[in-house]
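Undergrad: Sequence isn't available, so here's the structure alone:
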Ligand SMILES: CSC[C@H]1O[C@H](OP(=O)(O)O)[C@H](O)[C@@H]1O
């Protein structure tokens, strides 16, 4: 059984960028056609598209869109600046924009739109292949557990690092999809991931794929590991530093601490494009601070025909809302990449 091909999260069609509006999921599948640079920037900032690889590819498409009508230097630099300012932590965004800049700056304006379209399409195609390779390397880890104990392999994940966060089958969920395709039974503990609750996206994906899963409150993760109900944890990443320290959705660090305390293997699944060798360690990773209303207000409530919000804290409640945290390399068993599985301190071979 092959891994089912998910619906595309991003389509570049000429000067149009079509996305799946993830703020409407899991209740409604809404596609949006973005027809301006500002619309693409808003979609990334507002997390209509989210997930490190996906926001990188979306930004690349945004550069192409911006150059469709005018491709002079000022237009190109404005597009790179606007898109680069949308979100600070996921290095894939900046990796993709740097790659577009390297290709486009040397070209004459008249050649830039087609070149930008080609490079954006290449980034998309590469991520699809990368996801598949991560899935196979992660599958080996799951198969090893399946061979050693009866019953389904119990995977815990955090946030959403599935096909909704990438261009293919995801990073953290790619091994889960590969296990299903290989006939290995898996069950997934899906952490809701306050405050934006991207765990609901993971639960939606897994229900669509027919993969057993249970949604849990973030704070239940430690007890499940202490009870021996988790065989491994796999999460995604937004930026891996050169020493293996890893930034991922806030709450990841707490799961890594609980995993270390209970002897549960803790894996990061991330493509090479998420490893930032210019960033020496976790302290150097910029952590995005998002609007306090993400904590004060529940978003995405199903109204049947759309979604609504519900305020749960007074508007003048002071809030801290870091969107990511950093897991030290010491608490990471290994990093699953498209090139193989690496100890967090052994990434240098990927630097070239
Ligand atoms: C393969 S997605 C990686 C990463 O991106 C997500 O962040 P966000 O939902 O804020 O874009 C989350 O941290 C995922 O693990």
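TA: Perfect, I can see it now. The structure presented is a predicted model; accordingly, all values stated were derived computationally and were not measured.
Undergrad: how close does the closest residue to the ligand within the stretch 101-250 of the chain sit to residue 53?
TA: The stretch 101-250 of the chain approaches the ligand most closely through residue 236 (2.9 Å), counting by Cβ to the nearest ligand atom. In this view, the C-beta of every residue, glycine as well, is placed from N, C-alpha and C. Distance of residue 236 to residue 53, given as Cβ to Cβ, to the nearest Å: 9 Å.
Undergrad: Find residues that contact each of these two.
TA: Residues touching both residue 236 and residue 53 by Cβ atoms under 8 Å, 6 or more residues apart in numbering: 165, 171.
Undergrad: Check which residues of the lengthiest helix in the chain are buried.
TA: Longest helix of the chain, by residue count under DSSP state H: helix 109-148. For helix 109-148, a neighbour-count test (16 or more other Cβ atoms under 10 Å) marks 112-113, 115-117, 119-120, 123-124, 126-128, 130-139, 141-143, 145-146 as buried.
Undergrad: what's the answer for stretch 13-23, then?
TA: Buried residues in stretch 13-23, counting neighbours by 16+ other Cβ under 10 Å, are found at 15, 17, 19-23.
Undergrad: So which of those are in helices?
TA: Going by DSSP H, the helices hold none of the buried residues of stretch 13-23.
Undergrad: Now pLDDT and distance to residue 153 too, for the residues you listed, in a markdown table please.
TA: Shown next, in a markdown table, are the buried residues of stretch 13-23 (pLDDT from 0 to 100; distance: Cβ to Cβ, whole Å):
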| residue | pLDDT | distance to residue 153 |
| --- | --- | --- |
| 15 | 83 | 45 |
| 17 | 95 | 37 |
| 19 | 97 | 33 |
| 20 | 96 | 29 |
| 21 | 96 | 33 |
| 22 | 96 | 27 |
| 23 | 95 | 32 |
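Undergrad: Closest to the ligand out of these?
TA: Among the buried residues of stretch 13-23, and counting by Cβ to the nearest ligand atom, the member closest to the ligand is residue 22, at 8.4 Å.
Undergrad: you'd agree that closest one is up against residue 164?
TA: Yes - with contacts counted by Cβ atoms under 8 Å, residue 22 reaches residue 164, the gap being 6.1 Å.
Undergrad: intersection of neighbour lists for the two?
TA: residue 201.
Undergrad: What's the local residue count around residue 341?
TA: Counted with other Cβ atoms under 10 Å, residues neighbouring residue 341 total 17.
Undergrad: which residue packs closest to it, ignoring adjacent ones?
TA: Distances taken as Cβ to Cβ, 6 or more residues apart in numbering place residue 334 nearest to residue 341, at 4.9 Å, with adjacent residues excluded.
Undergrad: Can you name the residues bridging to that neighbour?
TA: residue 267 (DSSP bridges).
Undergrad: Show the contacting residues for it.
TA: 265, 267-268, 341-344.
Undergrad: hmm, try it at 10 Å
TA: Counting by Cβ atoms under 10 Å, 6 or more residues apart in numbering, residue 334 makes contact with 137-138, 141, 244, 265-269, 340-344, 346.
Undergrad: Could you do residue 315 as well?
TA: 292-293, 296-297.
Undergrad: and the buried residues of helix 109-148 near the ligand, which?
TA: Residues of the buried residues of helix 109-148 in contact with the ligand (Cβ under 6 Å from any ligand atom): none.
Undergrad: Within range of the ligand, give me the residues from the stretch 101-250 of the chain.
TA: So the stretch 101-250 of the chain meets the ligand at 159, 161, 165-166, 171, 198, 235-238, 248-249 (Cβ under 6 Å from any ligand atom).
Undergrad: what's the neighbour count on residue 186?
TA: With other Cβ under 10 Å as criterion, residue 186 counts 23.
Undergrad: go on, residue 182?
TA: 17.
Undergrad: Just the local confidence number for it, please.
TA: Listed pLDDT for residue 182 reads 97.
Undergrad: got a list of what the residue nearest to it when sequence neighbours are not counted touches?
TA: Nearest residue to residue 182 in three dimensions, chain neighbours excluded: residue 139, at 6.1 Å (Cβ to Cβ, 6+ apart). Counting by Cβ under 10 Å, 6+ apart, residue 139 touches 3, 146, 174-182, 184, 336.
Undergrad: Show the pLDDT at residue 139.
TA: On pLDDT, residue 139 comes in at 98.
Undergrad: now residue 1
TA: pLDDT at residue 1 comes out at 59.
Undergrad: ok so, going back, are any of the contacts of residue 334 buried, and which?
TA: Neighbour counting by 16+ other Cβ under 10 Å classes 137-138, 141, 244, 266-269, 341-342, 344 among those as buried.
Undergrad: What's the local residue count around residue 201?
TA: Residue 201: 25 neighbours (other Cβ under 10 Å).
Undergrad: distance of it from residue 278?
TA: 30 Å.
Undergrad: Can you tell me how far the nearest residue to residue 300 once chain neighbours are set aside is from residue 299?
TA: Among residues not flanking residue 300 along the chain, residue 307 sits closest, at 4.9 Å (Cβ to Cβ, 6+ apart). Taking Cβ to Cβ as the measure, residue 307 falls 7 Å from residue 299.
Undergrad: so what sits against both of those two?
TA: Joint contacts of residue 307 and residue 299 (Cβ under 10 Å, 6+ apart) are residue 23.
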